[in-house]
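Peer 1: fold the following, please.
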Amino acid sequence: MNIFAAVGRVVLALLAETGKLALFAWVGVSHLLRPPFYWRQIGQQMLRIGYFSLPVVALTAFFTGGVLALQIYYGGDQFNSETIVATIVALGITRELGPVLGGLMVAGRASAAIAAELGTMRVTEQIDALSTLSTNPHKYLVVPRLMAAIFTLPLLVFIGDVIGIFGGFVVGTQSLDFNAGVYIKNTYDFLEYDDITSGLIKAAVFGFIIALMGCFHGFNSKGGAQGVGRATTNAVVTASIFILAANYVMTSLLFSS
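Peer 2: Okay, the predicted model is just below:
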């Protein structure tokens, strides 16, 4: 019976946490389109989440495109490798690797920073002070981060797509001796508008997940410095897991036809 009791406690705790997350997400979404809007806060968060994450996303995309080109070439050298490499690099970056790796990189950087910042505000009672001053903490703290992440992640992923395809182009033309004109033509011929937009839609959803996880764990942190550390770790882990799960679901929906 002790085993069943332990399992029951775990299940109940999981359901309670899921309910808290669902309510937190509903409150955040319900405030997204309702005034007032703190534009200064939104601008600051766009800089922190988007602009300052650009170097990490750019480097990740460039080397991912280069490695992808090498692996495809070595794996398919018995076929027309020049056509295969250009096509698969473009499709792989825009459809999957660009948004997923970009989302994971931003989750490791921005979600942790959001959780640490809000967690520190929670344990030092600054969030309670906002309520005392008749300022809605969700409106002032959560909504700007959600909006900034939703708007900036597609821009980051688009830039990452361009840099990732360029990385494959550099490796293909410099290391694999492909013709530059043919490589560009194959990329242009096989890459479609839907491939790009599907990745950008994924990026917007991933941005929402990143900001939501950071805000949720930061808001609910407790226990001083150790609690803030746990909130930061949990934010990154849960954001990464939800990004991978959401990617599977959205891939099934977007490409089911």
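
Peer 1: use CA for all of it now, contacts and neighbours both
Peer 2: Fine.

Peer 1: just for this protein, where's the confidence low?
Peer 2: Along the chain, segments meeting pLDDT under 70 span 1, 76-83, 257.

Peer 1: how much space between the residue nearest the centre of it and Lys185?
Peer 2: Central residue of the chain (Cα atoms, centre = their mean): Gly103, 2.5 Å from the mean position. Note on Gly103: its distance to Lys185, by Cα to Cα, to the nearest Å, is 29 Å.

Peer 1: with Val11 instead?
Peer 2: Counting by Cα to Cα, the separation of Val11 from Lys185 is 54 Å.

Peer 1: one more: Leu23?
Peer 2: In this view, Leu23 and Lys185 are 49 Å apart by Cα to Cα.

Peer 1: list the residues that contact the closest residue to Val205 other than its chain neighbours.
Peer 2: Leaving aside its sequence neighbours, Val205 sits nearest to Ile150 (Cα to Cα, 6 or more residues apart in numbering; 7.0 Å). Taking Cα atoms under 8 Å, 6 or more residues apart in numbering, we find Ile150 in contact with 203-208.

Peer 1: let me have the residues you listed in JSON lines, extended by distance to Thr251, secondary structure and neighbour count.
Peer 2: Below are those laid out as JSON lines (distance: Cα to Cα, whole Å; DSSP: H, G, I helix; E, B strand; the rest coil; neighbours: other Cα atoms under 10 Å):
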{"residue": "Ala203", "distance to Thr251": "12", "secondary structure": "helix", "neighbour count": "29"}
{"residue": "Ala204", "distance to Thr251": "14", "secondary structure": "helix", "neighbour count": "22"}
{"residue": "Val205", "distance to Thr251": "12", "secondary structure": "helix", "neighbour count": "20"}
{"residue": "Phe206", "distance to Thr251": "13", "secondary structure": "helix", "neighbour count": "30"}
{"residue": "Gly207", "distance to Thr251": "16", "secondary structure": "helix", "neighbour count": "32"}
{"residue": "Phe208", "distance to Thr251": "17", "secondary structure": "helix", "neighbour count": "22"}
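
Peer 1: just the closest of the residues you listed to Thr135, please.
Peer 2: The shortest approach to Thr135 among the contacts of Ile150 belongs to Phe208, at 22.8 Å (Cα to Cα).

Peer 1: who touches the closest one in this structure?
Peer 2: Shown in contact with Phe208 (Cα under 8 Å, 6+ apart): 146-147, 149-150.

Peer 1: what about these, which are in helices?
Peer 2: 146-147, 149-150 (DSSP state H).

Peer 1: so which of those residues is the most crowded?
Peer 2: With neighbours taken as other Cα atoms under 10 Å, the top of the ones in helices among the contacts of Phe208 is Ala149, carrying 30 neighbours.

Peer 1: hang on, isn't that one packed against Arg48?
Peer 2: No. In this structure, Ala149 is not within contact of Arg48 by Cα atoms under 8 Å, at 9.6 Å.

Peer 1: end to end, how far does stretch 217-226 reach?
Peer 2: Using Cα to Cα, one end of stretch 217-226 lies 13 Å from the other.

Peer 1: list the contacts of Val27.
Peer 2: Applying Cα under 8 Å, 6+ apart to Val27 gives the contacts His138.

Peer 1: which of the residues in the helix or strand where it lies are classified as buried?
Peer 2: Assigned by DSSP states H and E, Val27 belongs to helix 2-30. By 16 or more other Cα atoms under 10 Å, the buried positions in helix 2-30 come out as 21, 24-25, 28-29.
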